[in-house]
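**Student:** please find the sequence and the predicted model below.
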Amino acid sequence: MFEPGHLHRASLPGQIDYEVDLFYEVRRDPKEGQMVHFRMEGQIAGRAFRDEFELHRDTAFNFASVASRVAAKHGLPTNHSLIMRSHDEFDRMFNDIRDKLGAKPGETVDFDHLMGGNTPRRADTLCVVGNKKAPGFHLGLLNLAPRPGLDGASRTRASAAPKG
């Protein structure tokens, strides 16, 4: 079940017993800017849990991956997807986050936000793109070879026009 700011998931017959609520809201950090704060709580196999995480504005669309790792940390098998099982609700949550952030296709993604502050060791960088077939935002790899005259910070940021 989805409503803006909240996704609820429960196990299907034949799966490990779980019930998980994922709440989210946009917050403004004085140093980091817009952040999406997530709170996950519920039970997996009868064990209650509560966990929280925040994602920068530019990487908030990676929430499904982070939420899946948090659920796995608390005992949910990795083949029990919290998000993708009901793609319509995932799309609605994705669009709600995009609307709350006022995000647009082609905005840059700071690689340091994805890598936990580590500078990438290769020339690939991540970019948010949208297209007509999949109008949401998607993280994709671009191969940006280092160019003379660009400093390291310039090579760790990229943007791309929406594909059409």
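**Tutor:** Received it, and whenever you're ready, just let me know what you need. Everything numeric here is computed off the predicted structure, so don't read it as measured data.
**Student:** looking at this, His80 is in a strand?
**Tutor:** No - using DSSP: H, G, I helix; E, B strand; the rest coil, the assignment for His80 is coil, not a strand.
**Student:** now it: phi and psi?
**Tutor:** With angles defined as degrees, to the nearest 10, His80 sits at phi -110, psi 90.
**Student:** looks like it contacts Tyr18 (just checking).
**Tutor:** Yes - under the criterion of Cβ atoms under 8 Å, His80 makes contact with Tyr18 at 7.2 Å. Using the backbone N, CA and C atoms, a C-beta is placed for each residue, glycine as well.
**Student:** what sits in contact with each of these two?
**Tutor:** Ser11, Ala71 (Cβ atoms under 8 Å, 6 or more residues apart in numbering).
**Student:** who has more neighbours out of those two?
**Tutor:** Between His80 and Tyr18, counting by other Cβ atoms under 10 Å, Tyr18 is the more crowded of the two (23 against 17).
**Student:** next up, the contacts around the more buried one.
**Tutor:** Tyr18 touches Arg9, Ala10, Ser11, Gly42, Gln43, Ile44, Ala45, Ala71, Leu76, His80, counting by Cβ under 8 Å, 6+ apart.
**Student:** go with 6 Å
**Tutor:** Tyr18 sits next to Ser11, Ile44, Leu76 when contact means Cβ atoms under 6 Å, 6 or more residues apart in numbering.
**Student:** in strands, which of those residues fall?
**Tutor:** Ile44 (DSSP state E).
**Student:** from the contacts of Tyr18, which is closest to Met1?
**Tutor:** Ser11 (13.7 Å; Cβ to Cβ).
**Student:** can you tell me how far that closest one sits from Ile44?
**Tutor:** According to Cβ to Cβ, to the nearest Å, Ser11 and Ile44 sit 9 Å apart.
**Student:** ok, Arg57 next?
**Tutor:** Where Ile44 is concerned, Arg57 sits at a distance of 29 Å (Cβ to Cβ).
**Student:** for Gln43, name its beta-bridge partners.
**Tutor:** For Gln43, the beta-bridge partners under DSSP bridges are Glu19, Ala48.
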